[in-house]
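Engineer: just a sequence and a predicted model for now, questions to come.
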Amino acid sequence: MAIYHFSVHVISRRAGRSAVKAAAWRAGERLRDELTGELANFTNRQDVLHSEILMPPDAPVWMGDRGRLWNAVEATEKRIDAQLCREITFAIPHALSRGQALALLRVFVLALSSIAAWSRIFPFMQRPRAAISATLTPMFF
């Protein structure tokens with residue numbers, strides 16, 4: 001039986017969250033938050049199967065670098081209670097092959113009309129899901 005899950009949240013400074021730290025967690029990477037100097041190291045995650053950044057064709061190449069992208073988002077927002085990005089998580093049907101799941105995720109992310117970094121994750125319960133971080137404001141080049 002399919003298990004439905006879809007949730008959308010905003011990552012904001014008011015809640016004490018960081019777009020850089022959230023991006024590092026989703027991708028299972030190590031990123032430094034240039035605003036605070038804090039190092040977010042999630043390289044020990046074993047459940048991230050795939051991660052990538054999708055952006056408009058006219059976006060500069062540097063936005064393909066996860067650390068630079070999310071540090072730029074943090075730097076763009078000046079307010080202490082700024083809303084930094086949107087996080088979306090949803091279940092991926094078991095019936096889809098890896099290729100089909102990646103194609104579905106790319107179509108969904110492109111429909112968001114923003115720059116988005118996403119990961120395909122298999123948690124310990126073997127329920128595949130996607131985790132997406134999408135910019136809320138336009139990134140000016």
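Structural biologist: Nice, thanks for sending it over.
Engineer: show me the shaky parts of the chain.
Structural biologist: 1-3, 113, 121-126, 138-141 (pLDDT under 70).
Engineer: can you give me the helices in it?
Structural biologist: 19-27, 66-76, 98-111 (DSSP state H).
Engineer: what packs against the strand ranked longest in the chain?
Structural biologist: With secondary structure taken from DSSP state E, the chain has its longest strand at strand 83-91. Packing contacts for strand 83-91, counted by 3 or more C-beta pairs under 8 Å, 6 or more residues apart in numbering; DSSP states H and E, involve strand 6-12, helix 19-27, helix 66-76, strand 129-135. All C-beta spots, glycine's among them, are computed from the backbone N, C-alpha and C.
Engineer: do that again at 6 Å, thanks
Structural biologist: On a contact count with 3 or more C-beta pairs under 6 Å, 6 or more residues apart in numbering; DSSP states H and E, strand 83-91 meets strand 6-12, strand 129-135.
Engineer: neighbouring strands of it in the sheet, and parallel or not?
Structural biologist: If you go by DSSP bridges, strand 83-91 pairs up with strand 6-12 (antiparallel), strand 129-135 (antiparallel).
Engineer: ok, and what's touching that strand?
Structural biologist: 3, 5-12, 19, 73, 77, 129-136 (C-beta atoms under 6 Å, 6 or more residues apart in numbering).
Engineer: just want the angle from that strand to helix 98-111.
Structural biologist: 150 degrees (axes from the mean of the first three to the mean of the last three C-alpha atoms, to 10 degrees).
Engineer: now for the strands paired with strand 83-91, which one comes closest to S51?
Structural biologist: Closest to S51 of the strands paired with strand 83-91, according to C-beta to C-beta: strand 129-135, at 8.9 Å.
Engineer: okay, the closest one in PDB with CA atoms only?
Structural biologist: Below are the C-alpha coordinates for strand 129-135, written out as PDB (Å, rounded to 0.1, in the frame of the first residue of the first chain):
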ATOM      1  CA  ARG A 129      11.200  10.300   0.000                       C
ATOM      2  CA  ALA A 130      12.500  13.500  -1.500                       C
ATOM      3  CA  ALA A 131      13.700  16.500   0.400                       C
ATOM      4  CA  ILE A 132      13.800  19.900  -1.400                       C
ATOM      5  CA  SER A 133      15.100  23.300  -0.400                       C
ATOM      6  CA  ALA A 134      13.800  26.100  -2.700                       C
ATOM      7  CA  THR A 135      14.700  29.800  -2.700                       C
END
